[in-house]
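J.: My questions concern the predicted model and sequence given below.
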Amino acid sequence: MKKLNMEELNRLSVDEFKASDKIPLVIILDNIRSLNNVGSAFRTSDAFRIQKIYLCGITGTPPHRDIQKTALGATESVAWEYATSTLDAIGSLKKEGFQICALEQVDKSTLLHEFQPSLDQKYALVFGNEVFGVEEDVILASDHVLEIPQLGTKHSLNISVSMGITIWDFVSKMGVLESK
């Protein structure tokens, strides 16, 4: 067993990534304050060939040094759009046939491992502010509210960790990795 070098990883170029088929998954960042978390969203979205990221409200946008620090160039490959209002982004995506899934702890949430995405459906995953979570009006506008079960003393995970877990779960359940 040996560690693969960059050439052996056989990754797409930025142009090949842009031209490639994307997973029918969009990420919505609802008022994210940390530019490092925004950069992580880009890097994770690149890793799983996510269709697009919506940066909403106070969420910072590229180009910015602190986003680049964690994105490591993924702002060049992943499509993104800024929306002043998360609700406006959700409204547009619903018109395009997307199901909206907010990641939040609510009284009638569905545990992530119990949610089965439909293979013929497009999804938008909403991740909220590091302190306040997903806005209440955004939760009410969502088709599903999903929760990552936790077993320890803390009540939440960092957004970058939540994104990694959730996107991996969707990609895995949608069978994307089976064709790899």
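T.: The structure has been received and is ready for your questions. Values in this document were obtained by computation on a predicted structure and should not be read as measured data.
J.: Would you map the strands across this structure?
T.: For the chain, the strands defined by DSSP state E occupy 23-30, 50-56, 80-83, 98-103, 110-111, 122-128, 144-147.
J.: residues of the last one that come out buried?
T.: Looking back up the chat, that one is strand 144-147. Across strand 144-147, burial judged by 16 or more other C-beta atoms under 10 Å covers 145-147. Glycine gets a C-beta too; all of them are placed from N, C-alpha and C.
J.: Which residue is the nearest non-sequential neighbour of the spatially most central residue of the chain?
T.: The residue lying closest to the centre of the chain (C-alpha atoms, centre = their mean) is I27, at 3.6 Å. By the measure of C-beta to C-beta, 6 or more residues apart in numbering, the closest residue to I27 outside its immediate chain neighbours is I53, 4.7 Å from it.
J.: Can you give me the neighbour number for the one you found?
T.: Here the number of neighbours of I53 (other C-beta atoms under 10 Å) works out to 25.
J.: measure it to D120 for me?
T.: 23 Å (C-beta to C-beta, to the nearest Å).
J.: From the contact counts, what lies against the helix or strand of the chain with the lowest mean pLDDT?
T.: Sorting the helices and strands of the chain by mean pLDDT, DSSP states H and E puts helix 6-9 at the bottom, at a mean of 82. Taking 3 or more C-beta pairs under 8 Å, 6 or more residues apart in numbering; DSSP states H and E as contact, there are no helices or strands that helix 6-9 lies on.
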